[in-house]
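K.L.:
Got a predicted structure plus its sequence, pasted below:
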Amino acid sequence: MKDLLSTALRYQQGKLYILDQRKLPGEEDWHGCTNTDELIALIRGLAIRGAPLIGIAATLWIGHCATKGCSRNELGNTIARLRDSRPTAVNLMNYLGRLQTLLETGADELSLADEAVAIFEEDVALCDAIADHGAALVEHNDRILTHCNTGSLATAGVGTAIGVITRAHQQGKHIRVWVDETRPLLQGARLTAWEMEQAGIPYQLICDCASAGLMAAGEVDRILVGADRIASNGDFANKVGTYALAVLAHHHAIPFYVVAPHTTVDRQCNDGISIPIEQRSADEVRGVTGSFGSCNWAPAGAPVYNPAFDVTPATLVSGWILDSGVYDLDDVTAGALR
């Protein structure tokens, strides 16, 4: 396969490299994958994260394995194992499904590798289209609140929600970004703040619980978030805490947008109730671990409820910003996502 480069994922000289996002912003550590178990551990451990990027990494690995002489049975088993690595992010299932279809229809190794490369390049184009559509909604001097990380660390391209923010900044709009820290793993504080610094976009980091006061004070003009899975009725799963932001935005009459490529839409999923929600380790809430070390602040055996995501109902969404355009609730009710 040819060399492919993105902010957090590289395929160079026949090897897959992943930027370990657990170590950002303190350290930029690239990990070379050597086997499937290693990649699954990196995905489950959140060294690589973001619904689009997880799917892209998995497909590049399958393409790599195909070019290294793995049998069709081995490729099928590897696809099945990778599909199970993260249950909520539907891009993983969609992308691996494309390779599975090729495998089942007798495609050769080169075709599998070509499809993996096409998926990477497709995501770059999808992110650009999303950014253009979304930036048209951003006004000069907007104060935008975002949650978790949805930029180039989560995709092969410029990103989804952060891609919109970046494009608006590139267009010369004087925007300012409120960055939720995003507990429990601090993807906002560690990753989104890092991306804002890299792009030179003015931002302020806030505790998750500070967003309500900012909205009440009139300090937020719009909210942009990503998605890990969007149901056909417009309900969507995203990082835990997103639903609370949507409720607050609705109360304060602040536009609330979900931003994602069409590959995040699960047309077989009728509503948010059907979206599986990943439960993660209790240790993520009892303390924190990063390049700085580890710190536990809760009692060692404290019982914990730690869903990675929550579901926001479509009725709280002002618009769905996709690569194909911007849709409102009437569009979605009429079947725009089916």
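P.N.:
Yep, it's here.
K.L.:
For the protein, give me the ranges with low pLDDT.
P.N.:
291 (pLDDT under 70).
K.L.:
Pull the contacting residues for the most centrally placed residue in it.
P.N.:
Nearest to the mean C-alpha position of the chain, by Cα atoms, centre = their mean, lies G50 at 2.9 Å. Taking Cβ atoms under 8 Å, 6 or more residues apart in numbering, we find G50 in contact with A8, N149, T150, L153, A154, T155, G226. For every residue, glycine as well, the C-beta is placed using N, CA and C.
K.L.:
Please report the distance of it from S6.
P.N.:
11 Å (Cβ to Cβ, to the nearest Å).
K.L.:
ditto for V304
P.N.:
In terms of Cβ to Cβ, V304 sits 34 Å off from S6.
K.L.:
Of those two, which one has the most company?
P.N.:
S6 (19 against 15; other Cβ atoms under 10 Å).
K.L.:
Quick check: what element follows the top helix by length along the chain along the chain?
P.N.:
Counting residues, the longest helix found in the chain (DSSP state H) is helix 109-135. Going down the chain from helix 109-135, the next helix or strand is strand 143-146, by DSSP states H and E.
K.L.:
in its sheet, what does that following strand sit against?
P.N.:
The strands that strand 143-146 pairs with in its sheet are strand 176-180 (parallel), strand 222-225 (parallel) (by DSSP bridges).
K.L.:
So which residues make contact with the last one?
P.N.:
Under the criterion Cβ under 8 Å, 6+ apart, residues 134, 137-138, 142, 144-148, 150, 161-162, 164-165, 238-239, 242, 245-246, 249, 254-259, 321 lie in contact with strand 222-225.
K.L.:
Strands - which of these land there?
P.N.:
Cross-referencing the contacts of strand 222-225 against strands under DSSP state E gives I144, L145, T146, N238, K239, F256, Y257, V258, V259, I321.
K.L.:
Contacts only, for the last one.
P.N.:
When you say that, I think you mean I321. I130, H133, G134, L137, V164, L224, Y257, V258, V259, A260.
K.L.:
And those residues, which is closest to V177?
P.N.:
L224 (9.1 Å; Cβ to Cβ).
K.L.:
For the closest one, name its beta-bridge partners.
P.N.:
T146, Y257.
K.L.:
and it, how many neighbours does it have?
P.N.:
If we define neighbours as other Cβ under 10 Å, then L224 has 27 of them.
K.L.:
So it versus I130, what's the distance?
P.N.:
11 Å.
K.L.:
okay, and the common contacts of the two?
P.N.:
With Cβ under 8 Å, 6+ apart as the test, L224 and I130 both reach V164, V259, I321.
K.L.:
Isn't the second one up against I130?
P.N.:
Yes - taking contact to mean Cβ atoms under 8 Å, the distance of 6.1 Å between V259 and I130 places them in contact.
K.L.:
Give me the domain ranges for this structure.
P.N.:
4-127, 133-333 (automatic domain parsing).
K.L.:
Regarding the first one, how distant is the last residue from the first?
P.N.:
One end of domain 4-127 to the other measures 16 Å (Cα to Cα, to the nearest Å).
K.L.:
so how far is it off the chain centroid?
P.N.:
15 Å (Cα atoms, centre = their mean, to the nearest Å).
K.L.:
Excluding sequence neighbours, find me the nearest residue to S294.
P.N.:
In space, S294 comes closest to G287 once its chain neighbours are excluded; the distance is 6.4 Å by Cβ to Cβ, 6 or more residues apart in numbering.
K.L.:
Can you report how many residues lie near the one you found?
P.N.:
For G287, using other Cβ under 10 Å, the count is 13.
K.L.:
That one bridge partners, please.
P.N.:
N296.
K.L.:
Helix, strand or coil: sort out the closest residue in space to R22 that isn't next to it in sequence for me.
P.N.:
Distances taken as Cβ to Cβ, 6+ apart place A47 nearest to R22, at 5.4 Å, with adjacent residues excluded. Under DSSP: H, G, I helix; E, B strand; the rest coil, the three-state class of A47 is coil.
K.L.:
ok, now which ones touch A47?
P.N.:
I18, D20, Q21, R22, H31.
K.L.:
Run a quick neighbour tally on Q268.
P.N.:
Neighbours around Q268, by other Cβ under 10 Å: 11.
K.L.:
Revised request: answer the last question for T333.
P.N.:
Count around T333 with other Cβ under 10 Å applied: 14.
K.L.:
measure it to H174 for me?
P.N.:
Distance from T333 to H174, by Cβ to Cβ: 35 Å.
K.L.:
Next: V225.
P.N.:
22 Å.
K.L.:
Now the longest helix of the chain: buried residues?
P.N.:
109, 111-117, 119-120, 122-124, 126-127, 129-131, 133-135 (16 or more other Cβ atoms under 10 Å).
K.L.:
about what we covered before: list residues touching both of V259 and I130?
P.N.:
Listed as contacting both V259 and I130 by Cβ under 8 Å, 6+ apart are T160, G163, V164, I321.
K.L.:
can you pull up the bridge partners for the last one?
P.N.:
Counting by DSSP bridges, I321 is bridged to V259, V326.
K.L.:
Can you get me a residue count around the nearest residue to I206 once chain neighbours are set aside?
P.N.:
With Cβ to Cβ, 6+ apart as the criterion, I206 has its nearest non-adjacent residue at 5.6 Å, and that residue is W178. W178 has 21 neighbouring residues, counting by other Cβ under 10 Å.
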